[in-house]
Every structure is written in C-alpha cells, then in structure tokens.
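J.: give me a 3D structure for the following:
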Amino acid sequence: MTALTVTDPALRLLLVDDHTIVREGLKRVLDSAGSGWTLAEAVTGFQALEILRAHETDLALVDLSMPGMNGLELVRRIKTEFPAVRVLVLSMHSEEQYALRAFKAGADGYVTKDVAAIELVGAVRRVAAGGCYVTESLAEQVVRQLYGPGDAPLHSRLTDRELDVLQRIAAGQRLTEIGDELHLSVKTVSSHKTRIQEKLHVSNSAELVRYAFENRIADP
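T.: Residues are numbered from 1 along each chain as shown. Predicted coordinates:
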C-alpha cells in the first residue's frame, strides 16, 4: 500500500484506473486534502479484487472504462464479495445513463473526472461516511430519466455488456481483441454487435461509431 500524508479519519482507499496520468493526478488531489488516508492502486478490475482480498479497504474509487473487466462489472463484484466497501465511480462520462447504470450496479456515488478537486475530496468523505454522492446537475438528469416524460436515448436500451462492446468498437478495437479481453468468442461479440446495431437503428460499423461519438459514449 502506498501511503499518503493525511488528518481526518484515516481512510483506506483503493484507486482503480488503467491510466497512470489519471492516477497520479488523483493522488495529488487526495494528498493535498491533508487527510491521513492510505492509498492502494490497481490498473485492472482483477487486480483490484486481489488487493481487496489482501487489504482492509474502506472505499474504492473506480473508473468505468477499463480493459478486461469494466467498471460496472467491478462494482457488482465488489458489492457482492465486499459489501462493506464503499464505491465511488469516477467517469469521463457525464451522461445520466452511465450514472444510472453505476447506481444500479451498487455504486454509492458518481463523479466525473473533470470535477474540481474540492468536490472530489468532498465526495470521497461523504461516500466513506456512509452517504451517497452525485452532482446536483447530474442528479436532476437522473431523476428526469427515471421519472420524467422525456424520451430515453436509444442506447438506454443496451445491456451493460452491449454498452461495453460499443465503447470498445468505437475505440477502434477489432472483434477478436474485444473477445480476448472479455473472454468471449468472436461469434458472441459479433452477435452483441448485431443486437447493438438493431437497437440503435444503424446498419454498419461506421454509423455505429458515429452514434457513439455523437452521443458521448466514446471520445472521437
């Protein structure tokens, strides 16, 4: 475990993100909070589970988009195997669909990676103390999505697995690569792709990628 220098209750945190630069930035933010926290790091969901089995942890900060096991699956695994561990999702996606999926998977909070440092620290403290956290603007969107009369986007019909496959296709991965990372056959991945195209009313891969970019499911 890599120690950080800290002064509120000594929280034991696990940061799960496959991007080194993101982890380094988050560590600086948490360190500057001046709390007495300790921080462990994991690059993949599988590594995160190994750390949780070996070390007492209060809160896991989990990225949604990771190779292999994605963030949603990891959240579900954490809540099943370590129900006492609090989970705060850190995502580049501000869309309510991702927040909804994260909370349904068992997350206790959801923040985007572009939030101010003080807000991130506040979210960590609130979730670790047993509360839930979501930004006010995103909370309004989530409530509208759950109860409002507006039409839901087409991709709200996708399963978590289909959404994961769509993100990977938009990122330029071949079906064989996706199958290898998700431990699925190419035939199964191809079937997912077909169902995704049907649900999004697109007819080919180019339109699929365009939809993902236009709806902020992936970065162009």
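J.: all contacts plus neighbour counts: C-alpha atoms, from now on.
T.: Fine.
J.: output the lowest mean pLDDT helix or strand found in the protein.
T.: Taking all helices and strands of the chain together, the one with the lowest average confidence (mean pLDDT, DSSP states H and E) is strand 2-3, at a mean of 42.
J.: just say helix, strand or coil for Leu88.
T.: strand (DSSP: H, G, I helix; E, B strand; the rest coil).
J.: and the residue nearest to the spatial centre of the chain, how far is that from Gly71?
T.: For the chain, the residue sitting closest to the mean C-alpha position, by C-alpha atoms, centre = their mean, is Leu64 at 2.0 Å. Distance from Leu64 to Gly71, counting by C-alpha to C-alpha, to the nearest Å: 4 Å.
J.: same question for Ser185.
T.: For Ser185, the distance to Gly71 equals 21 Å [C-alpha to C-alpha].
J.: and what of Leu52?
T.: With distances taken as C-alpha to C-alpha, Leu52 is found 15 Å from Gly71.
J.: more neighbours, these two?
T.: Each of Leu52 and Gly71 had its neighbours counted (other C-alpha atoms under 10 Å), and the higher figure belongs to Gly71 (26 against 18).
J.: quick one: contacts for the more buried one?
T.: Taking C-alpha atoms under 8 Å, 6 or more residues apart in numbering as the criterion, Gly71 is in contact with Gly45, Val62, Asp63, Leu64, Ser65.
J.: what's across from the third one in the sheet?
T.: Using DSSP bridges, the beta-bridge partners of Asp63 come out as Leu90.
J.: would you agree it is in contact with His93?
T.: No: because the distance of 10.2 Å does not satisfy C-alpha atoms under 8 Å, Asp63 is recorded as not touching His93.
J.: and those two? which has more neighbours close in?
T.: More neighbours sit around Asp63 than around the other of Asp63 and His93, counting by other C-alpha under 10 Å; the figures are 27 against 19.
J.: ok, and what's touching stretch 103-123?
T.: Contacts made with stretch 103-123 from outside it, assessed by C-alpha under 8 Å, 6+ apart, are listed as 29-30, 33, 72-73, 75-76, 79, 86-94, 99, 102, 127, 131-135.
J.: can you select the buried ones among those for me in ChimeraX?
T.: The following ChimeraX command selects only the buried members of these, with burial defined by 16 or more other C-alpha atoms under 10 Å:
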select :29,30,33,72,73,75,76,79,86,87,88,89,90,91,92,93,94,99,102,127,132,133,134
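J.: need phi/psi at Leu120.
T.: Reported as degrees, to the nearest 10, the phi and psi values for Leu120 are phi -60, psi -40.
J.: buried ones in stretch 188-200?
T.: By neighbour count on 16+ other C-alpha under 10 Å, the buried set for stretch 188-200 is Val189, Ser190, His192, Lys193, Thr194, Ile196, Gln197, Leu200.
J.: distance-wise, check the fourth one relative to Ser205.
T.: Between Lys193 and Ser205 the computed distance is 9 Å (C-alpha to C-alpha).
J.: surely the residue nearest to the centre of the chain touches Arg76?
T.: No: under the criterion of C-alpha under 8 Å, Leu64 lies out of contact with Arg76, with a separation of 11.9 Å.
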